[in-house]
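In: Show me how the following folds:
(2 chains)
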Amino acid sequence: DVKVTQSSRYLVKRTGEKVFLECVQDMDHENMFWYRQDPGLGLRLIYFSYDVKMKEKGDIPEGYSVSREKKERFSLILESASTNQTSMYLCASSLPSGKNIQYFGAGTRLSVL
Amino acid sequence: GQSLEQPSEVTAVEGAIVQINCTYQTSGFYGLSWYQQHDGGAPTFLSYNGLDGLEETGRFSSFLSRSDSYGYLLLQELQMKDSASYFCAVRDNYGQNFVFGPGTRLSVLP
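Out: Reported below is the predicted structural model:
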């Protein structure tokens, strides 16, 4: 079974803190994604990566950065957390071909106070 | 711009059939996928349509009409465990990323 693991299930941070969300997948997938999920808005893509050290902006990259130093790990960084970044963050991975099935982690619920 | 539309909520009773529609407007199109998400859980893949027509997987079927920019997910013999949110997603023209719809919350009543 494909496994996508997010380092924290719940996280509480203060405004202005630097926040790291980690994601690891064990299926050697080339593609990895970070989404945020808010009620009524579905999943919105923040960044994705199709190879090590490669990254592409998604629909809402402002206030975020990412790092992919190893194929299995994709990190989302909030340089200076703000209250409007309180959300559920979901990481996913996929192969680059076929049905492009995305496998999601359990999510990290981040609260910025 | 890119957008997908789905009904926000659907309610049905156990044993019934329900159809969740999805219309999309994207700059490119490489397939329509459906995902299920239970409360507190991760989205999980249900179905994929790359070409027009019907795809069947057990109690779930998905349909696509590219000329109408429209698809639907059909759930048959509804069970209580089908209560969840359902998202359609389109792989667009720019690389490997997906655009997700806002989700449809399905409530199955006894």
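In: partners of the lowest-mean-pLDDT helix or strand in chain B, with directions?
Out: Among the helical and strand segments of chain B, the one scoring lowest on mean pLDDT, DSSP states H and E is strand B:98-100, with a mean of 86. Sheet pairing of strand B:98-100 (DSSP bridges) gives strand B:84-91 (antiparallel).
In: ok, residues contacting the strand it pairs with?
Out: Contact with strand B:84-91 is made by A:42-43, A:100, A:102, B:2, B:4, B:6, B:20, B:22, B:24, B:26, B:29-39, B:43, B:46, B:71, B:73, B:97-106, as judged by Cβ atoms under 8 Å, 6 or more residues apart in numbering or on different chains. Just so you know, the C-beta spots here come from the backbone N, C-alpha and C atoms, and that holds for glycine as well.
In: For the residue lying farthest from the centre of chain A, report the pLDDT, please.
Out: When distances are taken from the C-alpha mean of chain A, A:Gly98 lies farthest, 22.3 Å away, according to Cα atoms, centre = their mean. Model confidence at A:Gly98, expressed as pLDDT, equals 72.
In: Give me the distance between it and chain B.
Out: Computed as Cβ to the nearest Cβ, to the nearest Å, the A:Gly98 to chain B distance reads 9 Å.
In: Could I get the contacting residues of that residue?
Out: With contact set as Cβ under 8 Å, 6+ apart, A:Gly98 has no partners.
In: Ramachandran coordinates for it?
Out: phi 70, psi -140 (degrees, to the nearest 10).
In: Quickly list what B:Cys10 is bridged to.
Out: Actually, residue B:10 is Val rather than Cys. With DSSP bridges applied, B:Val10 shows beta-bridge pairing to B:Leu106.
In: ok, it touching B:Ile20?
Out: Yes - counting by Cβ atoms under 8 Å, B:Val10 touches B:Ile20, with 6.2 Å between them.
In: Same drill for the two, tell me which one is more crowded.
Out: Neighbours were counted for B:Val10 and for B:Ile20 using other Cβ atoms under 10 Å in any protein chain shown; B:Ile20 has more, 21 against 17.
In: where does the more buried one land on pLDDT?
Out: The model reports B:Ile20 with a pLDDT of 98.
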